[in-house]
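[1] could you look at this predicted model? Sequence included:
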Amino acid sequence: MNKQIIVVEGNHDQVKINSIYPNLQCITTNGSEISDKKLNLIYQLSKENEVILFLDPDTPGKKIMQKILNTNGKYTLAYIKKEKAISKNRKKVGIEHAKENDIRDALENKIEINNQESYIKLSDLYNRGLVNKRNANINRIKVCDSLEIPVSNGKTFLKMINLLDISLERVDEILNEKT
């Protein structure tokens, strides 16, 4: 790998990252209307660099991440919980609003995304009460919080744990933990 490049949504996110890590290169998507040209640039950079997706923990951030993942490049995910990225007036969500130590934790605990064929199936999640069952959303939240990944619906959850190469054994451990 040549260098680390962090993908963030906006200029304020980039300023925040560079205030903590002055020598890290950032690319901004300029929000959820990311251009095909920018997507291609990110993909091309992923061929010879570690490209870290560090997007806001909200719906637009998830949409941007999905667009980037669809390019099938080699990416790493850094994630920060939504409650750690809320502005002081509680009206906005973004990396720019997170505390320095939370940003450092997210980047130090980044996860490499696996683009190989998935091995966990929807039926595996159903059998564990993670989709189409009474407390499925509560169970997914428990797993997502433990893994520090974005909370999502069943289909997106399935895709995420496969992309992150999380085993069913690990999911079972989390589900069986006492809270």
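    Received the coordinates, thanks.
[2] mind listing the helices for the protein?
    For the chain, helices defined by DSSP state H occupy the ranges 11-20, 36-46, 59-69, 100-108, 122-127, 136-147, 154-163, 168-176.
[3] quick one: the ones you listed as JSON lines, columns for mean pLDDT and distance to R90 too.
    Yep, even glycine has a C-beta here, placed from its N, CA and C like the rest. Formatted as JSON lines, the helices of the chain follow (pLDDT from 0 to 100; distance: least, Cβ to Cβ, whole Å):
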{"stretch": "helix 11-20", "mean pLDDT": "95", "distance to R90": "17"}
{"stretch": "helix 36-46", "mean pLDDT": "95", "distance to R90": "30"}
{"stretch": "helix 59-69", "mean pLDDT": "89", "distance to R90": "17"}
{"stretch": "helix 100-108", "mean pLDDT": "94", "distance to R90": "16"}
{"stretch": "helix 122-127", "mean pLDDT": "93", "distance to R90": "33"}
{"stretch": "helix 136-147", "mean pLDDT": "92", "distance to R90": "20"}
{"stretch": "helix 154-163", "mean pLDDT": "86", "distance to R90": "25"}
{"stretch": "helix 168-176", "mean pLDDT": "92", "distance to R90": "29"}
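[4] could you point out which of those helices sits nearest T28?
    Of all the helices of the chain, helix 11-20 sits nearest to T28, with 5.5 Å by Cβ to Cβ.
[5] list the buried residues of that closest one.
    The neighbour-count check on helix 11-20 (16 or more other Cβ atoms under 10 Å) flags D13, Q14, K16, I17 as buried.
[6] same deal with stretch 33-52?
    I34, K38, L39, I42, Y43, L45, S46, E50, V51, I52.
[7] now, which of those residues sits nearest I141?
    The nearest member of these to I141, counting by Cβ to Cβ, is I52 at 24.5 Å.
[8] who's in contact with that closest one?
    If you count contacts by Cβ atoms under 8 Å, 6 or more residues apart in numbering, I52 has them with Q4, I5, I6, V7, Y75, T76, L77, A78, L107, K110.
[9] among those residues, which ones are buried?
    Buried members of the contacts of I52, scored by 16+ other Cβ under 10 Å, are Q4, I5, I6, V7, Y75, T76, L77, A78, L107, K110.
[10] and those, which is closest to N139?
    Using Cβ to Cβ, L77 comes nearest to N139 of those, at 21.4 Å.
[11] that closest one bridge partners, please.
    Taking DSSP bridges as the rule, L77 bridges to L53, I111.
[12] was I right to think it contacts K110?
    Yes: applying Cβ atoms under 8 Å, one finds L77 in contact with K110, separated by 6.2 Å.
[13] and K155, what does it touch?
    Taking Cβ under 8 Å, 6+ apart, we find K155 in contact with L122.
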